[in-house]
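In: Sequence and computational prediction follow.
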2 protein chains.
Amino acid sequence: MGRWQPGAAQRLQQAALELFDRQGFDGTTAAEIAEAAGLTQRTFFRHFRDKRDVLFFGQEEFVRAFRAGIDAAPAGTAPMDLVAASLASAATFFPDERRPYSRLRQAVIDGNPTLQERERHKLAELATAVAATLRDRGIGEPAATLAAESGATVFDVAFAQWIRPDEHRSLAEVAADVLAELRDLGIAR
Amino acid sequence: MGRWQPGAAQRLQQAALELFDRQGFDGTTAAEIAEAAGLTQRTFFRHFRDKRDVLFFGQEEFVRAFRAGIDAAPAGTAPMDLVAASLASAATFFPDERRPYSRLRQAVIDGNPTLQERERHKLAELATAVAATLRDRGIGEPAATLAAESGATVFDVAFAQWIRPDEHRSLAEVAADVLAELRDLGIAR
């Protein structure tokens, strides 16, 4: 076993993003990332399966944040209010100081169709997990899936807005505004 | 130039589905599909790029059906009513006699992660195209994207229901019911 490296995953992530930005995702190797972070390749592979994995690190915690918002809501909360709670909880995962990192990450993903596909897959997994959590609370189908997919869409739209260069509101604020827009659409019969 | 083959694409599609079902997607070649349809490989490749393409044939027409519903709606129609119109129009693309084919196709896709990824990609493209059509009608963002993504979600949920063994309603009816459920969610504050 190697020596414990405090914050090794975070250092590797930061180094990876800088390299991806500078020399492209395809032109960067795990060995270069480890070296730039001042760590060994062995340490790299203790944390990540491959360089793509670096960009999607933390997905489980992210999904957990969504579910935690739902779990904390009182019994009888309406489905879209559970979605609102899950969005508020997930937003805490992206404090303002993470915005520059998120912008850089998005630029890397936008430049690579395979990474975009992976991102879409992750969003689909999120919606599936949230739908299961809603069903656990006794919400039937298709309501659970519709609410969960709506939540994922709101998150996706809000996140894209949050990382825009001219955006200064917190992700929680942006997500609440986008959800309000969706609700306004819903009753605009 | 080969001789014109009436309905060659449809014959190839039907033959492909039967082979995929019987011997798996990975275990089937374009040559076998052509042979089973009584056509040449040359004819196969005049219609499809590869065997995967057979399953996603008609996507452009499908997207066009969505857009046609929006284009036919009178000026000033509210966003979610445009979505309802696009769903009704898209449903005509799937008459009841197509249901056995759609069930078989879905079984093939469900058994193959790469095809699932492709299906998700197609759904994302659909939402992007519908959002653009809504913006052309003067609907702003994020309303256009939220409405388009909601429409894609409703279609996806409705389609999964429509191909269930015990389902006898038309896709138009199922989609209208699922959209009504979404609207009910929207106002359940």
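Out: Good, I have the coordinates.

In: Every contact and neighbour count from this point should use C-alpha atoms.
Out: Will do.

In: For the residue nearest to residue A:100 when sequence neighbours are not counted, give me its contacts.
Out: Excluding its sequence neighbours, the residue lying closest to residue A:100 (Cα to Cα, 6 or more residues apart in numbering or on different chains) is residue A:163, at 7.9 Å. Shown in contact with residue A:163 (Cα atoms under 8 Å, 6 or more residues apart in numbering or on different chains): A:99, A:100, A:102, A:103.

In: Can you tell me how far residue A:163 is from chain B?
Out: 15 Å (Cα to the nearest Cα, to the nearest Å).

In: Distance check, that residue against residue A:76.
Out: Residue A:163 sits 34 Å away from residue A:76, going by Cα to Cα, to the nearest Å.

In: ditto for residue A:105
Out: Going from residue A:105 to residue A:76 by Cα to Cα gives 38 Å.

In: Residue A:12 now?
Out: From residue A:12 across to residue A:76, the span is 43 Å (Cα to Cα).

In: ok, these two, which is more surrounded?
Out: residue A:12 (25 against 10; other Cα atoms under 10 Å in any protein chain shown).

In: does the more buried one really touch residue A:33, like I thought?
Out: Yes. Using Cα atoms under 8 Å, residue A:12 makes contact with residue A:33 at a distance of 6.5 Å.

In: got the residues of chain A near chain B?
Out: Proximity of chain A to chain B, by Cα under 8 Å from any Cα of the partner chain, involves residues A:78-81, A:117, A:120-121, A:142-143, A:145-147, A:149-150, A:153-154, A:157, A:178, A:181-189.

In: Among those residues, name the buried ones.
Out: Among the residues of chain A next to chain B, those classed as buried by 16 or more other Cα atoms under 10 Å in any protein chain shown are A:78-81, A:117, A:120-121, A:142-143, A:145-147, A:149-150, A:153-154, A:157, A:178, A:181-183, A:185-186.

In: just checking, residue A:109 touches residue A:118?
Out: No. Applying Cα under 8 Å as the test, residue A:109 and residue A:118 come out as separate, 9.1 Å apart.

In: Once you drop chain neighbours, what's closest to residue A:112?
Out: Nearest non-adjacent residue to residue A:112 (Cα to Cα, 6+ apart): residue A:25, at 7.9 Å.

In: correct me, but that neighbour touches residue A:110?
Out: No. Assessed by Cα under 8 Å, residue A:25 is found out of contact with residue A:110, at 11.0 Å.

In: Those two - which one has more neighbours?
Out: Using other Cα under 10 Å as the criterion, residue A:25 and residue A:110 rank with residue A:25 on top: 19 against 12.

In: For the more buried one, give its distance to residue A:43.
Out: 20 Å.

In: got it, and residue A:34?
Out: For residue A:34, the distance to residue A:43 - Cα to Cα - is 8 Å.

In: So which of these two has more stuff around it?
Out: residue A:34 (22 against 17).

In: shouldn't that one be in contact with residue A:40?
Out: Yes. Between residue A:34 and residue A:40 there is a contact under Cα under 8 Å: 5.6 Å.

In: Number of residues surrounding residue A:68?
Out: 16.

In: same deal with residue A:55?
Out: Neighbour tally, residue A:55, other Cα under 10 Å: 21.

In: can you check residue A:101 too?
Out: For residue A:101, using other Cα under 10 Å, the count is 15.

In: what pLDDT does it get?
Out: On pLDDT, residue A:101 comes in at 90.

In: which residues does it contact?
Out: A:14, A:17.

In: Tell me the spacing between it and chain B.
Out: 24 Å.

In: And the nearest residue to residue A:91 once chain neighbours are set aside, how far from chain B?
Out: Closest residue in space to residue A:91, ignoring its immediate chain neighbours: residue A:172 at 5.1 Å, by Cα to Cα, 6+ apart. Look at residue A:172 and chain B: by Cα to the nearest Cα, they are 16 Å apart.

In: what's the helix or strand harbouring residue A:119 in contact with?
Out: Following DSSP states H and E, one finds residue A:119 within helix A:113-136. Helix A:113-136 is contacted by residues A:52, A:59, A:63, A:66-67, A:70, A:79, A:109-110, A:141, A:144-145, A:147-149, A:151-152, B:117, B:120-121 when judged by Cα under 8 Å, 6+ apart.

In: With just CA atoms, put that helix into CSV.
Out: Listed next in CSV are the C-alpha coordinates belonging to helix A:113-136 (Å, rounded to 0.1, in the frame of the first residue of the first chain):
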residue,chain,number,x,y,z
PRO,A,113,-18.5,13.8,-28.6
THR,A,114,-17.6,10.7,-26.5
LEU,A,115,-17.5,12.7,-23.4
GLN,A,116,-20.8,14.4,-24.3
GLU,A,117,-22.3,10.9,-24.7
ARG,A,118,-20.9,10.0,-21.3
GLU,A,119,-22.4,13.1,-19.7
ARG,A,120,-25.8,12.4,-21.2
HIS,A,121,-25.5,8.8,-19.8
LYS,A,122,-24.8,10.2,-16.4
LEU,A,123,-27.8,12.5,-16.5
ALA,A,124,-30.0,9.6,-17.5
GLU,A,125,-28.6,7.6,-14.6
LEU,A,126,-29.4,10.5,-12.3
ALA,A,127,-33.0,10.7,-13.5
THR,A,128,-33.4,6.9,-13.0
ALA,A,129,-32.0,7.1,-9.4
VAL,A,130,-34.3,10.0,-8.5
ALA,A,131,-37.3,8.2,-10.0
ALA,A,132,-36.5,5.2,-7.8
THR,A,133,-36.3,7.4,-4.8
LEU,A,134,-39.7,9.0,-5.6
ARG,A,135,-41.2,5.6,-6.0
ASP,A,136,-39.8,4.6,-2.6
